[in-house]
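J.: with the sequence up front, the predicted model follows.
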Number of protein chains: 2
Amino acid sequence: MTIDPTGATDAHAASSTPDTNLGHGAAGARVADRLREAIIDGAFPPGTRIRQEDIASQYAASRAPVREALRILESEGLITRVANAGAWVSRLNLAECEELYRVRERLEPLLLSMNVPLLTDVDITNLSDLAHQMERAADVEEFLALDRTFHMTTYAAAETTMLRTTVVRLWNRTHHYRRAFTGAVRADDEDTAVHLDHHMLVAAIRRRDTDEAEEVLHRHIRRTRMGLERHPEIFEN
Amino acid sequence: MTIDPTGATDAHAASSTPDTNLGHGAAGARVADRLREAIIDGAFPPGTRIRQEDIASQYAASRAPVREALRILESEGLITRVANAGAWVSRLNLAECEELYRVRERLEPLLLSMNVPLLTDVDITNLSDLAHQMERAADVEEFLALDRTFHMTTYAAAETTMLRTTVVRLWNRTHHYRRAFTGAVRADDEDTAVHLDHHMLVAAIRRRDTDEAEEVLHRHIRRTRMGLERHPEIFEN
DNA sequence: AAGCCTCAAATCGGATCCAATACAAGCCCT
DNA sequence: AGGGCTTGTATTGGATCCGATTTGAGGCTT
């Protein structure tokens, strides 16, 4: 994995390449990477106020790179800034989250279709393993991590300038709500469909059936979107 | 028009709302707006080096807001920065441009579908007028402006958090190449299809036939993409 | 008692200053 | 004579300082 210089990727979520952000001229990106990871991991839930001075001292930097980091994360949609007032971790309402999911429904099948011909047999074996591990995942956090790795593996083969970056950012923006949703739904049987989808997806990829893979993924995402609509309480407060 | 606070829109192309960027705490956005417009208008073609000091003195600002502007435009994909080296107006090769067009093929029909039910009869009359004006457009620049207004009118009715912004940015990134392409093709008869598409689109919208509108738009964009593939010389140098 | 206004502290944005890096020209060496 | 290294200059990145704006608290008025 480790993909792209425009601000978001890695198996986990973040970083503009794992250790390019070390020398001079990268403090902003470094801070952005750490902050992004903290937000996605849930350390700063939506609505949290982000004060420049706090972040600066916490990450041993001056306010200048922190401000750069905030602008980076703003452009990724993870935080919301208002002039002379401050920055907050972005909060989504149900309609906004639905919009992001509708975009994902269109973009991810495209990205997948560009990858199906390029995935190796090793990749496919890994995907199959991941699909099985997910069924046995102990808790929500483990499931989310496996799910992310599964789909990102599915997207990692093709060279893209911006499509993969865009998709990763969509995942990042919705991660908090996916966590809440998964927690609310895990017991239900709507979650068995998720695993069926994953296995169907692996099978379609193995057969190099791009069209079916696209359709399965589209339905997969759409089902989650419709699940969200049945759990509006996630977006309350 | 005038739509959105996240970095790109307006009938023309730019601006985070027409004059919000005046007071304190908006110098960066103001510079970004002007620079974005200059790039789109062709004043700075792809590959042009952008020096912070130049922009600062040219726009009567200090280097700090210029750097913010550069980061904004980088996040929009309009310029490319490399640490300790500088910033250049982004250049696309054929493959990258194709990728952006494939993304547009998927996203714009979605955005359109959200707008078809909301467009007013006045909007539709305007669209019809624009479609006719385009057929009589005197030069490439006028055609491009009308085309942009036409499609943006088509997208302006629905409230979206990020989809419209995304689409506008895709337009901005490809504008230079659309200009070159239109110039190269205007005489050909592949350009009559463009006008037929526009009229079919207006008719479908008038009938509130969302599905047909989506299909027409999809083919419209795909045809341009395939046209680009026949003119690789646009991307040489 | 509730709402509005005033005032002050906290925080953000912008300008300037200094350090670090990259690019280029010139020199030396082979 | 050509290529690689070194040094110098231009440009960017980061830190600090200062001015502008917001917001919260307290008191006053109605």
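T.: Yep, it's here.
J.: show me where chain A has strands.
T.: Using DSSP state E, the strands of chain A run over A:49-50, A:79-82, A:86-89.
J.: to A:Ala43, which of those strands lies closest?
T.: When these are compared by Cβ to Cβ, strand A:86-89 sits nearest A:Ala43, at 9.8 Å. C-beta: built from backbone N, CA, C; applies to glycine.
J.: ok, that closest one near chain B or not?
T.: No. On the criterion Cβ under 8 Å from any Cβ of the partner chain, strand A:86-89 is out of touch with chain B, staying 11.2 Å away.
J.: and for A:Ala27, the neighbour number?
T.: Neighbour count for A:Ala27, taken as other Cβ atoms under 10 Å in any protein chain shown: 21.
J.: mind listing what it touches?
T.: Neighbouring residues of A:Ala27 by Cβ atoms under 8 Å, 6 or more residues apart in numbering or on different chains: A:Ala61, A:Pro65, A:Glu68.
J.: just among those, which is most surrounded?
T.: A:Glu68 (21 neighbours).
J.: excluding its backbone neighbours, what's nearest it?
T.: Spatial nearest neighbour of A:Glu68, excluding adjacent residues (Cβ to Cβ, 6 or more residues apart in numbering or on different chains): A:Gly28 at 3.0 Å.
J.: correct me, but the one you found touches A:Ala69?
T.: Yes. With contact defined as Cβ atoms under 8 Å, A:Gly28 counts as touching A:Ala69 (5.2 Å).
J.: the two - which one has more neighbours?
T.: Between A:Gly28 and A:Ala69, A:Ala69 has the larger neighbour count (other Cβ under 10 Å), namely 28 against 22.
J.: ok, now which ones touch the more buried one?
T.: Going by Cβ under 8 Å, 6+ apart, the list of residues near A:Ala69 reads A:Gly28, A:Ala29, A:Val31, A:Ala32, A:Leu35, A:Ile55.
J.: now with 7 Å?
T.: Counting by Cβ atoms under 7 Å, 6 or more residues apart in numbering or on different chains, A:Ala69 makes contact with A:Gly28, A:Val31, A:Ala32, A:Leu35.
J.: swap in A:Gly77?
T.: With contact taken as Cβ under 7 Å, 6+ apart, A:Gly77 is in contact with A:Ser90, A:Arg169, A:Arg173, B:Met162.
J.: which pLDDT value belongs to A:Gly23?
T.: Looking at A:Gly23, its pLDDT is 73.
J.: what's the answer for the one 4 residues further on, then?
T.: With respect to pLDDT, A:Ala27 scores 92.
J.: then A:Ala184?
T.: Reported pLDDT for A:Ala184: 85.
J.: which one is it nearest to, not counting chain neighbours?
T.: Distances taken as Cβ to Cβ, 6+ apart place A:His231 nearest to A:Ala184, at 5.4 Å, with adjacent residues excluded.
J.: got the residues of chain A near chain B?
T.: Residues of chain A lying close to chain B (Cβ under 7 Å from any Cβ of the partner chain) are A:24-26, A:68, A:71, A:75, A:77, A:83-84, A:96, A:99, A:102-103, A:106-107, A:110, A:160-163.
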